[in-house]
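Undergrad: Have a look; sequence and predicted model below, questions after that.
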Amino acid sequence: MFEWQKHSQDATNVPHFQDQLDFMHLRAQASETSSSENRKPSKDEWVGPPSSPSAIETKLGWIIAGATDTQNTEVMSRHTEATSDDILKRFWEVEEPPNQVDSVYWSKKKCMVVDHFQTQHSHSSIERFVIPLPRRVNASTIGEFRSQVIRRFVYIERLLSSKGLSGQFNDVIREYFDMGHAEPVLESDFKKSAYQVFYLPIQIVQRDSSTTTKIRVVFDTFAKSSTRVSLNDTLLVAPMVHSPLIDFLLRFRSHRVALTTDVRQMYRAIELTESDRDYHRFVWRSHPNEPI
């Protein structure tokens, strides 16, 4: 909204609203001499009872104009003011393409994550990335969480059974093992203390509109352990290295035909080191009668 008080004093400042200004002045004068019941409303006007204002649609939006016989003089007004310079500046800020990602603007910790990846990553025998977890220095210790994970799994197990979705859930988990994205914990590794392992609780995302898999499994890395520390609390946060959203939108408008694609199970294709896999444990069984 422009600063209307400044512009309305001189109609030449807003010539494209000249007709609306003239109409508003005439309407205000006419309402003082005639009641709304003696005049036929136009298609852009809502007329109220006699001696009451009318709602009028203009290029500026709907306005209220006319006389009133009410004795209540309290008026409440809500509006937003912006000068033409502010509007022009905002327009250029939106249209200006963003600067390229520059490591100069990254924090020290985010630079550590990038350096960690560049120096520590490797490739497996099937050409998958293998990356150690970027741990924080002097991070708090993760506590015991297996007992809570078991309780949450039993609850989800009963919930899915009541909805008839247990079979779909088991198919999703079995796919993890079939594709090599998960492996059973060795019996000897059960001897490790609670501070050497971490169990991730499972959450279920149900997508009824999906034409393939209606259930998606999500592991909650924000869950707090007995020491009120989650797995995410012990890890560094990486900087955003992909292009900003505005870049994608501009490229989308640049060509007549736009193509989109998706990388299937991208995050599951990144392997963890042997030592880090103990911090990504989860519990599962295919039937309630089986042990966890």
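TA: Perfect, thanks for sending it.
Undergrad: all contacts plus neighbour counts: C-alpha atoms, from now on.
TA: OK.
Undergrad: Ramachandran coordinates for the residue lying closest to Phe219 once chain neighbours are set aside?
TA: Take Phe219 and drop its neighbours on the chain: the residue closest to it by C-alpha to C-alpha, 6 or more residues apart in numbering is Ile202, 4.9 Å away. Phi and psi for Ile202, reported as degrees, to the nearest 10, are phi -90, psi 140.
Undergrad: hang on, isn't Ile202 packed against Phe153?
TA: Yes - between Ile202 and Phe153 there is a contact at 6.8 Å, judged by C-alpha atoms under 8 Å.
Undergrad: residue contacts, Ala269?
TA: By C-alpha atoms under 8 Å, 6 or more residues apart in numbering, Ala269 lies in contact with Arg128, Phe129, His181.
Undergrad: quick one: the residue nearest the centre of the chain from Val114, how far?
TA: The residue lying closest to the centre of the chain (C-alpha atoms, centre = their mean) is Leu245, at 12.6 Å. Separation of Leu245 from Val114 (C-alpha to C-alpha, to the nearest Å): 21 Å.
Undergrad: try Val241
TA: Counting by C-alpha to C-alpha, the gap from Val241 to Val114 is 10 Å.
Undergrad: if you count what's nearby, which of those two comes out ahead?
TA: Applying other C-alpha atoms under 10 Å to Val241 and Val114 shows that Val114 carries more neighbours, namely 17 against 11.
Undergrad: which SS class is that one?
TA: Secondary structure assignment for Val114 (DSSP: H, G, I helix; E, B strand; the rest coil): helix.
Undergrad: leaving aside the residues next to it on the chain, what's closest to it?
TA: In space, not counting the residues next to it along the chain, Val114 is nearest to Ala238; the distance is 7.1 Å by C-alpha to C-alpha, 6+ apart.
Undergrad: Same check on Val205?
TA: Distances taken as C-alpha to C-alpha, 6+ apart place Arg216 nearest to Val205, at 5.0 Å, with adjacent residues excluded.
Undergrad: ok, which stretches of this protein are helices?
TA: Applying DSSP state H to the chain gives helices spanning 4-8, 18-33, 84-95, 108-120, 146-162, 166-178, 245-254.
Undergrad: what is the mean pLDDT for the shortest one?
TA: Throughout helix 4-8, pLDDT has a mean value of 41.
Undergrad: heads up, I number from 14, so please use that
TA: Taking 14 as the first residue, the last one we looked at is helix 17-21.
Undergrad: so what's Arg149 up against?
TA: By C-alpha under 8 Å, 6+ apart, the residues touching Arg149 are Thr247, Leu248, Leu249.
Undergrad: Revised request: answer the last question for Thr234.
TA: Counting by C-alpha under 8 Å, 6+ apart, Thr234 touches Leu213, Pro214, Ser243, Leu244, Asn245.
Undergrad: Tell me how many other residues surround the closest residue to the third one other than its chain neighbours.
TA: Using C-alpha to C-alpha, 6+ apart and skipping residues adjacent in sequence, the residue nearest Ser243 is Lys237, 4.4 Å away. Lys237 has 19 neighbouring residues, counting by other C-alpha under 10 Å.
Undergrad: Ok, Pro63 next?
TA: Pro63 sits with 16 neighbouring residues when counted by other C-alpha under 10 Å.
Undergrad: Tell me, what's the model's pLDDT at it?
TA: Looking at Pro63, its pLDDT reads 73.
Undergrad: likewise Gln209?
TA: 87.
Undergrad: distance of it from Phe235?
TA: Going from Gln209 to Phe235 by C-alpha to C-alpha gives 18 Å.
Undergrad: before we move on, what about Ile283?
TA: Distance from Ile283 to Phe235, counting by C-alpha to C-alpha: 20 Å.
Undergrad: Is it correct that Arg220 is in contact with Ile228?
TA: Yes - between Arg220 and Ile228 there is a contact under C-alpha under 8 Å: 6.1 Å.
Undergrad: For the residue nearest to Val127, which residues are in contact?
TA: By C-alpha under 8 Å, 6+ apart, the residues touching Ala251 are Lys123, Val126, Val127.
Undergrad: ok, now with 10 Å
TA: Ala251 makes contact with Trp119, Ser120, Lys122, Lys123, Cys124, Met125, Val126, Val127, Phe130, Pro147, according to C-alpha atoms under 10 Å, 6 or more residues apart in numbering.
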